[in-house]
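# dropping the sequence and predicted coords here.
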Amino acid sequence: MRRYQSFSLIRSWLTIGPAVLAGSCLAAAEGAQSIPSILAPASTPAREIYNLSLFVLLVTGSIYVIVGGLLTYVIFKYRMRPGDAQHEPAQVYGSVQVELAWTVIPVLIVVVLFLTTARIIFAIQNAPRPSSALDVTVIGHQFWWEFRYPALGIVTANELHIPVSGANQSSATYLRLLSADTDHSFWIPQLGGKTDLIPNHPNEMWIDPERPGLYLGQCAQFCGVEHAKMLLRVYVDTPEQWAAWVKHQQQPGAEDPSVAAGAQIFATEACVNCHAVAGTAAKGTFGPDLTHLMSRATIASGAAQNTPESLRAWIQAPDHFKPGALMPAMQLSDQQIDQLVAYLVTLR
């Protein structure tokens, strides 16, 4: 099977650890209402998973109540009372009816859960693709996300923009998931289940967000020392917001003569080897595309707010935000860093 989706809630929350709290704090600072949770589904795949989890909870909860109730009844009814004889009560060996019951009933329960889960998985994976679907290629890196829109000629990082799916017209987004290095896992709880990004093995998933807004997620597969800070931000835009975002992202990088010194540093130092800025000689692919860097709310895959102060600290010492980050400290002078930041701030 090409897609690998997991519905294990316990494993999911143990995996994302403190990163969700950090992402939630950033979202709260922006006034966003989104908190990563499968309990508030906002797309068809997420709602199917949510309904499945409720069904499993109903079945397992009923088993718990029945077994716990019977155990409590037996403990109370057959407890030792004052005056009872101090000897073992009569034992009954063998009961075909009881043995059949505790064999057949659990098997039936497992079969029902299996068939229900399989139906949900195949319903999500084999859903008909609408003609208006948007294609996005997602590439997982240590430790950031790359998003490519092949039909639109847009490349961005860490913050995914997609259109809302209205009642009158489906605007589903189909994600092709690739990995540039090791295993990652793409997970936005309110929009869909987890799907792994496996080297040399493309996977796919789709989402159809029903409400505009910001949705937070996380790499849910341990991928290295900074896995916990490989955060996801998905902006679901209204049709007007989506059209404006696409038009803006299709523009080349800014050319401002007042920051020529910073542009020169960017072009002559190692920056140009790793990063790209459309419309310039910078064509690097190892690091995030910086063409419209300042249009993003965060840097370092959601680890910090995108401000000139954060950019300066990041360039000076990436380990300040992400110990173990693959970007090296640039060893620039304070003046060079100031000039470089002044240039980056113009990339809107």
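Cool, the structure landed. The shown structure was predicted, so the numbers you read here are calculated from the model rather than taken from an experiment.
# pLDDT weak spots in this protein?
The chain contains residues with pLDDT under 70 at 1-34, 169.
# now do the helices in it.
For the chain, the helices defined by DSSP state H cover 9-16, 19-29, 44-77, 96-125, 239-249, 260-268, 271-274, 308-316, 334-344.
# could you dump those into a markdown table and include mean neighbour count and distance to Thr195?
The way it works is simple: take the backbone N, C-alpha and C, and place the C-beta from them, glycine included. As requested, these are arranged in a markdown table below (neighbours: other Cβ atoms under 10 Å; distance: least, Cβ to Cβ, whole Å):
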| stretch | mean neighbour count | distance to Thr195 |
| --- | --- | --- |
| helix 9-16 | 15 | 12 |
| helix 19-29 | 17 | 18 |
| helix 44-77 | 13 | 10 |
| helix 96-125 | 12 | 10 |
| helix 239-249 | 14 | 23 |
| helix 260-268 | 17 | 35 |
| helix 271-274 | 17 | 27 |
| helix 308-316 | 17 | 29 |
| helix 334-344 | 18 | 33 |
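# redo the ones you listed as JSON lines? Include distance to Phe222.
Below are the helices of the chain laid out as JSON lines (distance: least, Cβ to Cβ, whole Å):
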{"stretch": "helix 9-16", "distance to Phe222": "7"}
{"stretch": "helix 19-29", "distance to Phe222": "12"}
{"stretch": "helix 44-77", "distance to Phe222": "22"}
{"stretch": "helix 96-125", "distance to Phe222": "24"}
{"stretch": "helix 239-249", "distance to Phe222": "32"}
{"stretch": "helix 260-268", "distance to Phe222": "34"}
{"stretch": "helix 271-274", "distance to Phe222": "24"}
{"stretch": "helix 308-316", "distance to Phe222": "24"}
{"stretch": "helix 334-344", "distance to Phe222": "31"}
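# and of the ones you listed, who's closest to Lys194?
helix 9-16 (6.7 Å; Cβ to Cβ).
# quick check on the residue of the chain most remote from its centre: phi, psi?
Distance to the chain centre peaks in the chain at Gly83, reaching 63.7 Å (criterion: Cα atoms, centre = their mean). Main-chain dihedrals, Gly83, degrees, to the nearest 10: phi 100, psi -10.
# wait, Asn40 touches Gln190, no?
For the record, residue 40 is Ala, not Asn. Yes: Ala40 lies in contact with Gln190 (Cβ atoms under 8 Å); the separation is 5.6 Å.
# which one's more surrounded, the two?
Using other Cβ atoms under 10 Å, the more surrounded residue of Ala40 and Gln190 is Gln190, with 27 against 15.
# check contacts around that one.
Neighbouring residues of Gln190 by Cβ atoms under 8 Å, 6 or more residues apart in numbering: 34, 36-38, 40-43, 46, 215.
# ok, the spatially closest residue to it that is not a sequence neighbour - contacts?
Leaving aside its sequence neighbours, Gln190 sits nearest to Ala42 (Cβ to Cβ, 6 or more residues apart in numbering; 4.7 Å). By Cβ under 8 Å, 6+ apart, the contact list for Ala42 reads 190-191, 209-211, 213, 215, 236.
# for Val277, see how far away Ala42 is.
Applying Cβ to Cβ, to the nearest Å, the value for Ala42 to Val277 is 34 Å.
# so which of the contacts of Ala42 belong to strands?
Counting by DSSP state E, the contacts of Ala42 place 213, 215, 236 in strands.
# thinking again about what came up before, and of the contacts of Ala42, the nearest to Gly166?
Closest approach between these and Gly166, by Cβ to Cβ: Glu210, at 8.5 Å.
# that closest one against Ser165, yeah?
Yes: in this structure, Glu210 is within contact of Ser165 by Cβ under 8 Å, at 6.1 Å.
# what is in contact with these two at once?
What both Glu210 and Ser165 touch, as defined by Cβ under 8 Å, 6+ apart, is the set Ser43.
# before we move on, the earlier item: Thr298: which of the ones in strands among the contacts of Ala42 is nearest?
Among the ones in strands among the contacts of Ala42, and counting by Cβ to Cβ, the member closest to Thr298 is Tyr215, at 14.1 Å.
# hang on, the closest one packs against Asp237?
No: Tyr215 lies out of contact with Asp237 (Cβ under 8 Å); the separation is 11.7 Å.
# and these two? which has more neighbours close in?
Comparing Tyr215 with Asp237 by other Cβ under 10 Å, the one with more neighbours is Tyr215, at 28 against 19.
# do you know how far the residue lying closest to that one once chain neighbours are set aside is from Pro328?
In space, and not counting its chain neighbours, Tyr215 is closest to Val234: 4.4 Å by Cβ to Cβ, 6+ apart. Separation of Val234 from Pro328 (Cβ to Cβ) stands at 30 Å.
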